[in-house]
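Enquirer: For reference, the sequence and a predicted model appear below.
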Amino acid sequence: MRTKSSQARPGNQNAKKTLAWVESYDLTSRSGVDAFLQEVVKKTWTGELGSRACGAINGTMKILIEHEVLPELERRIKLLEQSREVRQ
């Protein structure tokens, strides 16, 4: 029987499947983030990583990528707008 505090079925081992942190993971570069995401996909696909952990990592990685990409996109848009103003 499920309780309100735990929606998982008794004996569900999915939530216990986690991705151990390896010091070689590099989240400071695009190539490092790409490699980490590839590892997450592989571990999820093979069942080594639970869906809850995958969802949490996915959300965190999305925020990290947005944090890195959005400022660069804003800068590029601003440059395009400035060059457009100059032409007019």
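Expert: Cool, got the structure. Numbering: from 1, shown residues only.
Enquirer: Who are the packing partners of the helix or strand Ile63 falls within?
Expert: Per DSSP states H and E: Ile63 is located in helix 51-87. Applying 3 or more CB pairs under 8 Å, 6 or more residues apart in numbering; DSSP states H and E, one finds that helix 51-87 contacts helix 30-45. Heads up, the C-betas are built off the backbone N, CA and C, glycines and all.
Enquirer: what is the orientation angle of the helix it packs on with helix 51-87?
Expert: 150 degrees (axes from the mean of the first three to the mean of the last three CA atoms, to 10 degrees).
Enquirer: i'd like the first residue to be 59 from this point on
Expert: All set: I'll call the first residue 59, so the last point we hit is now helix 88-103.
Enquirer: Return the set of buried residues in helix 88-103.
Expert: By neighbour count on 16 or more other CB atoms under 10 Å, the buried set for helix 88-103 is Val91, Phe94, Glu97, Val98, Lys101, Thr102.
Enquirer: Same check on stretch 109-125?
Expert: Residues of stretch 109-125 classed as buried by neighbour count (16+ other CB under 10 Å): Ala111, Cys112, Ile115.
Enquirer: The last one contacts Val98, correct?
Expert: Yes: because the distance of 5.5 Å satisfies CB atoms under 8 Å, Ile115 is recorded as touching Val98.
Enquirer: where do the contact lists of those two overlap?
Expert: By CB atoms under 8 Å, 6 or more residues apart in numbering, Ile115 and Val98 have these common neighbours: Leu77, Leu107.
Enquirer: Please name the nearest non-neighbouring residue to the residue nearest the centre of the chain.
Expert: Centroid check for the chain by CA atoms, centre = their mean gives Met119 as the closest residue, at 2.1 Å. Distances taken as CB to CB, 6 or more residues apart in numbering place Leu95 nearest to Met119, at 6.2 Å, with adjacent residues excluded.
Enquirer: Run a quick check on the one you found versus Leu122, I expect a contact.
Expert: No: contact criterion CB under 8 Å: Leu95 and Leu122 do not qualify, at 10.1 Å.
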